[in-house]
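J.: Provided below are the primary sequence and the corresponding predicted coordinates.
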Amino acid sequence: MDLLKNLTESQKKAVLHKQGPLLVIAGPGSGKTRVITHRIACLIESGVKPWNICAITFTNKASVEMQNRVASMGVPSGVNLSTFHSLCVRLIRQYAQQAGITSNFSIYDDSDQKRVIKQAIADADLSVSNFAPAKMLNAISNLKNELETAESLKTRADEYFAKSLAKIYEKYQKILTENNALDFDDLLMKVAFLLREHPDVRSELNNRFKYLLVDEYQDTNHAQYQIVKGLAIEHQNICVTGDPDQSIYRWRGADIRNIMSFEKDWPHATVVKLEENFRSCQSILTAADKLIANNKNRKVKALIATIKGGEDIRITDYEDDTAEAYGLSKNIKKLIEDGQSPSEIAVFYRVNSMSRILEEALVQNKIPYQIVRGVEFYGRKEIRDMLAYLKLLVNPADNVALQRIINTPVRGIGKTTIDKIAEYASSAGIPIFEALKKTQLKELLNASTQAKLAKFVALIESFQNMTDGPVAPLMEKVFTVTKLADTTGDDKNKSESAIDNVNELINSAGIYDQQSEKPNLTDYLQAIALYSDSDAYDASQPKVALMTLHAAKGLEFDNVFIIGLEDGILPHERSAVSQDEFEEERRLFFVGITRARKRLFISYADYRTTRGQFLRTIPSPFLVEIGYNPLSSPAAGFTEKKQDFSSSEFGYDTSSSQIESAIKPIASPQRQASQASQPYIAGQLVSHKKFGFGRVQQFIEMGDNSIVVVNFNAGHTRSLMLKYANLDIVNKKGD
């Protein structure tokens with residue numbers, strides 16, 4: 001068949017598998033998307049109806065890419081190909097009655113949730129100073145991911161914090177219900193409960209989606225795990241693809257155990273490993289393989305390069321973070337001058353704050369760049385104001401949206417009046433917008449206020465007949481008629497910038513209108529609500545991409561720079577608490593490395609400004625794990641640079657020496673012989689006042705800055721600077 005041309009044997013096996021569970025372990029760059037799309041086409045060619053196939057992925061970008069690939073193969077329309085959240089929205093709207101909500105519900109984003117949680121804490125008679133809103137939201141999110149309700153938490157809460165959290169959770173959900181709103185976690189939880197508690201719905205969906213394909217299965221949380229199980233439990237035609245080595249979202253509930261235990265959950269599963277890599281050169285894959293081999297919680301697989309040749313990985317030790325930023329910008333400028341497209345250059349970092357100094361250096365070198373942090377656009381005041389109007393049109397019960405715009409622009413409706421209206425609505429058990437029309441409320445207000453409120457109600461109702469149609473014209477009308485266009489921004493420059501942002505929003509609506517068969521405001525708002533950082537990356541822009549390692553998942557570039565390879569940054573200092581978190585940090589670096597096709601640049605600094613302090617750093621233990629040692633000449637596959645900067649051009653002047661020869665490996669006999677004179681050797685049992693007992697993994701000789709790497713019994717690994725280590729040797733002999 002034409003569908004099988006240019007597929008490897010393992011890819012063919014996955015594509016041709018039809019009945020029963022299938023686990024595809026897909027290494028980075030192994031053609032996973034190709035397998036999924038060809039499998040869809042092959043199923044349809046074998047007689048399966050398109051609408052009987054449901055393919056789920058995590059990001060809008062991945063979903064759109066798959067849709068385009070399937071369409072380009074001539075596959076008939078009808079395949080359900082979407083993200084988890086968009087599928088859940090659709091199912092909740094379809095089965096709204098069973099899900100216990102009306103179909104025109106709002107989806108609350110981070111900003112909406114913050115407003116609701118603050119109110120919930122107050123309603124629970126607790127203080128935001130003792131119960132930080134962000135921490136409460138995170139705790140509630142974790143509970144929802146585990147499918148635990150406020151009621152179930154309340155029954156098991158046996159101490160003050162748990163009881164308080166249960167109260168806050170209960171009040172939070174009450175406010176969401178009153179606003180006919182769901183947060184992102186509710187979308188998953190509602191569908192998981194829908195499938196569990198309504199066998200008729202579950203059977204109907206199993207009969208509709210007779211073949212289920214799930215991408216990036218290693219990133220699923222417990223709620224998603226239950227959804228997948230519910231959608232496939234009756235026919236068992238489930239195919240999941242993923243890679244335990246790329247599970248990097250533990251902090252948002254992803255559970256690596258879901259993919260690790262797939263064969264236990266589905267005992268008759270067929271397992272296919274995609275090990276051939278079509279993306280990266282050999283030196284990059286060798287480093288990635290060496291790194292990830294240190295993880296224990298994984299499914300062993302190889303990374304087999306199909307691309308010949310390639311350059312050494314270039315590792316640079318900079319004096320400080322400023323030198324790193326300017327050295328990086330010079331290297332990027334050189335790449336561009338040599339003919340590399342800026343769009344094929346990316347810089348990855350562990351935390352967002354590391355981008356600031358990079359931006360300064362890129363600006364001074366006149367290098368175009370984009371920061372892949374797109375959801376911030378939707379957090380701007382003018383955008384939130386516009387979206388609040390639109391949300392209220394679709395869902396008049398959305399009190400949060402109404403309270404945001406009832407006096408925006410200023411209409412002379414003050415806080416006292418708004419509080420009085422909200423109190424009346426609450427006592428009557430109705431939404432605020434409905435309360436505005438009640439005679440009883442009007443009797444509580446003076447004639448002037450009544451007139452202002454009546455005018456506001458008429459304004460909103462004048463737009464409501466336009467919600468089922470193109471969104472851009474409606475948005476333009478709202479922006480103009482409400483007079484937001486006249487009042488957006490505080491001063492001339494800010495106003496122009498804010499108006500540009502609103503125009504960009506309207507443009508996005510115009511693109512949505514063109515791409516949709518039946519454009520409507522409800523669907524558009526859903527797309528906006530489910531927008532993520534990864535969707536912000538625009539590959540068509542000739543700009544260098546700056547992003548976190550988490551945002552880099554799913555992308556690839558010819559030239560990749562990974563900065564800040566220092567203990568406490570990568571691995572992050574929080575990972576010291578458990579081996580699971582430390583392994584996730586290693587997976588995060590693995591993901592970063594494997595985004596690179598041709599060239600990989602890794603850097604670390606001797607000093608870095610952290611929380612306003614200029615501190616000495618320790619090189620990341622991951623450098624040693626990829627086969628590089630800061631002290632010895634670089635091993636095969638690496639090129640080392642030591643760069644120091646002094647005042648000159650851009651405030652810095654390069655004076656560097658470059659060692660390009662690849663000589664003896666790290667674990668050379670000469671090196672092992674020198675261990676006798678070292679204060680610590682591998683295998684020694686040591687103790688630390690804070691971390692307890694542990695065994696020395698490695699000693700790195702760096703003179704005054706020597707490092708001892710210790711695996712502590714508590715389950716974490718620490719790289720300690722010798723002069724500050726304060727270790728007591730319990731057993732002087734190593735392994």
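T.: That came through fine.

J.: longest helix anywhere in the chain?
T.: helix 492-515 (DSSP state H).

J.: any idea of the angle the helix or strand that that one is followed by forms with helix 492-515?
T.: From helix 492-515 onward toward the C-terminus, using DSSP states H and E, the following helix or strand is helix 521-529. Comparing the axes of helix 521-529 and helix 492-515 via axes from the mean of the first three to the mean of the last three CA atoms, to 10 degrees yields an angle of 120 degrees.

J.: outside of the longest helix of the chain, which residues touch it?
T.: Here helix 492-515 makes contact (CB atoms under 8 Å, 6 or more residues apart in numbering) with 377, 380-383, 386, 470-472, 475-476, 479, 484-485, 488-489, 519, 524, 527. All C-beta spots, glycine's among them, are computed from the backbone N, C-alpha and C.

J.: residue 558 in helix, strand or coil?
T.: Look at residue 558: counting by DSSP: H, G, I helix; E, B strand; the rest coil, its state is strand.

J.: am I right that it is in contact with residue 600?
T.: No. Residue 558 lies out of contact with residue 600 (CB atoms under 8 Å); the separation is 10.2 Å.

J.: what about these two, which has more around it?
T.: Taking other CB atoms under 10 Å, residue 558 and residue 600 do not tie; residue 600 has more neighbours (28 against 15).

J.: enumerate every residue touching the closest residue to the more buried one other than its chain neighbours.
T.: Residue nearest to residue 600 in three dimensions, not counting chain neighbours: residue 313, with 4.7 Å by CB to CB, 6 or more residues apart in numbering. By CB under 8 Å, 6+ apart, the residues touching residue 313 are 283, 284, 287, 600, 601, 602, 626, 628, 637, 638, 639.

J.: helices - which of those land there?
T.: Going by DSSP H, the helices hold 283, 284, 287 from these.

J.: so how far is residue 208 from residue 267?
T.: 25 Å (CB to CB, to the nearest Å).

J.: tell me how many other residues crowd the spatially closest residue to residue 380 that is not a sequence neighbour.
T.: Excluding its sequence neighbours, the residue lying closest to residue 380 (CB to CB, 6+ apart) is residue 501, at 5.8 Å. Per other CB under 10 Å, the neighbour tally for residue 501 reads 19.

J.: go on, residue 161?
T.: The number of residues near residue 161, taken as other CB under 10 Å, comes to 11.

J.: for it, helix, strand, or coil?
T.: Assignment for residue 161 (three-state DSSP): helix.

J.: quick check: the gap between it and residue 251.
T.: Going from residue 161 to residue 251 by CB to CB gives 20 Å.

J.: again with residue 429
T.: Residue 429 is 38 Å from residue 251, by CB to CB.

J.: ok, and the most crowded of the ones in helices among the contacts of residue 313?
T.: residue 284 (31 neighbours).

J.: so where is the stretch 351-500 of the chain shaky, pLDDT-wise?
T.: Counting by pLDDT under 70, the ranges of the stretch 351-500 of the chain that qualify are 373-376, 489-496.

J.: please enumerate the strands of it.
T.: 369-371 (DSSP state E, counting those that start in this stretch).

J.: where do the helices sit along it?
T.: Counting by DSSP state H, counting those that start in this stretch, the stretch 351-500 of the chain has helices at residues 355-364, 381-394, 399-405, 415-428, 432-435, 439-442, 447-463, 471-481, 484-487, 492-515.

J.: so which of those helices comes closest to residue 58?
T.: Of all the helices of the stretch 351-500 of the chain, helix 492-515 sits nearest to residue 58, with 20.8 Å by CB to CB.

J.: what's the angle from that closest one to helix 471-481?
T.: Computed by the same axes, to 10 degrees, the angle between helix 492-515 and helix 471-481 is 150 degrees.

J.: list the buried residues for helix 492-515?
T.: Neighbour-count burial for helix 492-515 flags 495, 498, 499, 501, 502, 505, 506, 508, 509, 510, 512, 513 (criterion: 16 or more other CB atoms under 10 Å).

J.: now swap in stretch 405-423 and tell me
T.: Applying 16+ other CB under 10 Å to stretch 405-423 flags 405, 406, 407, 408, 411, 413, 417, 421 as buried.

J.: max pairwise distance over those residues: which two?
T.: 408 and 421 (15.4 Å).

J.: quick one on the thing from earlier: just the buried ones from the contacts of helix 492-515, in ChimeraX syntax?
T.: Buried members of those, defined by 16+ other CB under 10 Å, are picked up in ChimeraX with:
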select :382,383,386,470,471,472,475,476,479,484,485,488,489,519,524,527
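
J.: a markdown table for the buried residues of stretch 405-423, including distance to residue 300?
T.: Output for the buried residues of stretch 405-423, formatted as a markdown table (distance: CB to CB, whole Å):
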| residue | distance to residue 300 |
| --- | --- |
| 405 | 56 |
| 406 | 60 |
| 407 | 61 |
| 408 | 58 |
| 411 | 65 |
| 413 | 65 |
| 417 | 66 |
| 421 | 63 |
